[in-house]
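A.B. asks: I need the structure of the sequence given here:
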Amino acid sequence: PYPDLSVVMFRMSTSDDRSDNDLNTALIRHLHADGRIFVSSTTVDGVLWLRLAALCFRTHKEHVDLLMEMIEEGVSSVTA
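C.D. replies: This next block holds a predicted model:
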């Protein structure tokens, strides 16, 4: 089907504890430092979430795949 424009919230979680906010802060800093794809953040009930807003019609699967690679690299970096 024709793709919808959307916003997706996600976060790295090691527990149900809000201490994961520090890990997610480090992850978003890693993604921002990389600079290839911009991800924003938001806080809901004291829990930090990362947000991808795929609002441009020029956003394709290859961009999402690249973001997934960046996230994997970031998770490895911040949990090492």
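A.B. asks: now the residue nearest to residue 23 when sequence neighbours are not counted: how far from residue 74?
C.D. replies: For residue 23, ignoring the flanking residues on the chain, the nearest one in space by Cβ to Cβ, 6 or more residues apart in numbering is residue 12 at 5.2 Å. Heads up, the C-betas are built off the backbone N, CA and C, glycines and all. Here residue 12 is placed at a distance of 8 Å from residue 74 (Cβ to Cβ, to the nearest Å).
A.B. asks: again with residue 64
C.D. replies: Relative to residue 74, and taking Cβ to Cβ, residue 64 is found at 15 Å.
A.B. asks: Which helix runs longest in the protein?
C.D. replies: helix 61-79 (DSSP state H).
A.B. asks: For that helix, which helices and strands make contact with it?
C.D. replies: Applying 3 or more Cβ pairs under 8 Å, 6 or more residues apart in numbering; DSSP states H and E, one finds that helix 61-79 makes contact with helix 20-34, strand 47-54.
A.B. asks: CA atoms only: put the longest one into CSV for me.
C.D. replies: Coordinates of the C-alpha atoms in helix 20-34 are reproduced here as CSV (Å, rounded to 0.1, in the frame of the first residue of the first chain):
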residue,chain,number,x,y,z
ASP,A,20,17.2,3.4,31.3
ASN,A,21,16.7,7.1,30.6
ASP,A,22,20.5,7.6,30.9
LEU,A,23,21.1,4.8,28.3
ASN,A,24,18.7,6.4,25.9
THR,A,25,20.2,9.8,26.5
ALA,A,26,23.6,8.4,25.5
LEU,A,27,22.1,6.6,22.5
ILE,A,28,20.4,9.8,21.2
ARG,A,29,23.7,11.7,21.7
HIS,A,30,25.5,9.0,19.7
LEU,A,31,22.9,9.2,16.9
HIS,A,32,23.2,13.0,16.8
ALA,A,33,27.0,12.9,16.7
ASP,A,34,26.8,10.6,13.7
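A.B. asks: For this protein, which element, helix or strand, carries the lowest mean pLDDT?
C.D. replies: One helix or strand of the chain scores below all others by mean pLDDT, DSSP states H and E: strand 6-10, with a mean of 89.
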